[in-house]
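Asker: output the structure for:
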Amino acid sequence: MSAITLRPICDDDDGVMHDMFVAIRRGPMDSAGFDPVTVERLMRHQFDMQRAGYRFACPAATWEAILADGVVVGRMVTDDDDARVMLVDIMVDPAHQRQGHGSQALAVLIDRAGKRPIELRVDHGSPAASWYQRYGFERVGADDLQAHLVRVPTATALVATGA
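Answerer: Now for the predicted structure:
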């Protein structure tokens, strides 16, 4: 497993981030029988809408590329203040998943948060929920679409996660 680095996202990353978004979310569109041109148009629209939504909801968010051996393999968006850190989104290209890159990025975030809690929302039924729970996140609420998870640092949680 190669160590990851994080750097601010730049305009040159747009194509890589779009392709990663499509690779992660394309399956249902293809299953619905849409032609490739329509799928590409819909995916571009979803990508642009997600980005605009995050920027509207979290205008001061930090957008970082996750790099492994100098190659962009993911993205992490965080919004933090003195009281808490919000993990807005993290994604790792399917071709680079299960190699520890997301776990390393999450460990960096946990380290940065220090004594502040980290909050996030995850879709119901997403396998990511159990991944977050391995890092000390607990469900504290939910709505119709998502669960609200929080990681409050404690001596026990820091030991259990290796942070």
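
Asker: only C-alpha atoms for contact and neighbour calcs from this point on.
Answerer: Fine.

Asker: okay, now the unreliable bits of the chain?
Answerer: Judged by pLDDT under 70, the chain has its weakly predicted residues at 1, 155-163.

Asker: so what strands line up beside the longest strand belonging to the chain?
Answerer: Longest strand in the chain by number of residues, with DSSP state E as the criterion: strand 71-80. Strand pairing for strand 71-80, using DSSP bridges, gives strand 62-68 (antiparallel), strand 85-92 (antiparallel).

Asker: please save the CA atoms from that strand in CSV.
Answerer: Coordinates of each C-alpha in strand 71-80 appear next as CSV, following Å, rounded to 0.1, in the frame of the first residue of the first chain:
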residue,chain,number,x,y,z
VAL,A,71,-1.8,9.9,-9.3
VAL,A,72,-5.2,11.4,-8.3
VAL,A,73,-7.2,8.4,-6.9
GLY,A,74,-9.9,10.3,-5.0
ARG,A,75,-11.3,13.4,-3.5
MET,A,76,-12.2,14.6,0.0
VAL,A,77,-14.4,17.6,0.8
THR,A,78,-14.5,18.9,4.4
ASP,A,79,-16.0,21.8,6.1
ASP,A,80,-14.7,22.6,9.6
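
Asker: in it, what's buried?
Answerer: Using 16 or more other C-alpha atoms under 10 Å as the test for burial, strand 71-80 gives Val72, Val73, Gly74, Arg75, Met76, Val77, Thr78, Asp79, Asp80.

Asker: show me the strands in this structure, by range?
Answerer: For the chain, applying DSSP E gives strands covering 4-8, 62-68, 71-80, 85-92, 118-123, 138-142, 146-151.

Asker: tell me who's in contact with the residue nearest to the spatial centre of the chain.
Answerer: Note on the chain: the residue nearest the mean C-alpha position is Ile90, at 0.9 Å, using C-alpha atoms, centre = their mean. If you count contacts by C-alpha atoms under 8 Å, 6 or more residues apart in numbering, Ile90 has them with Gly74, Arg75, Met76, Val77, Gly102.
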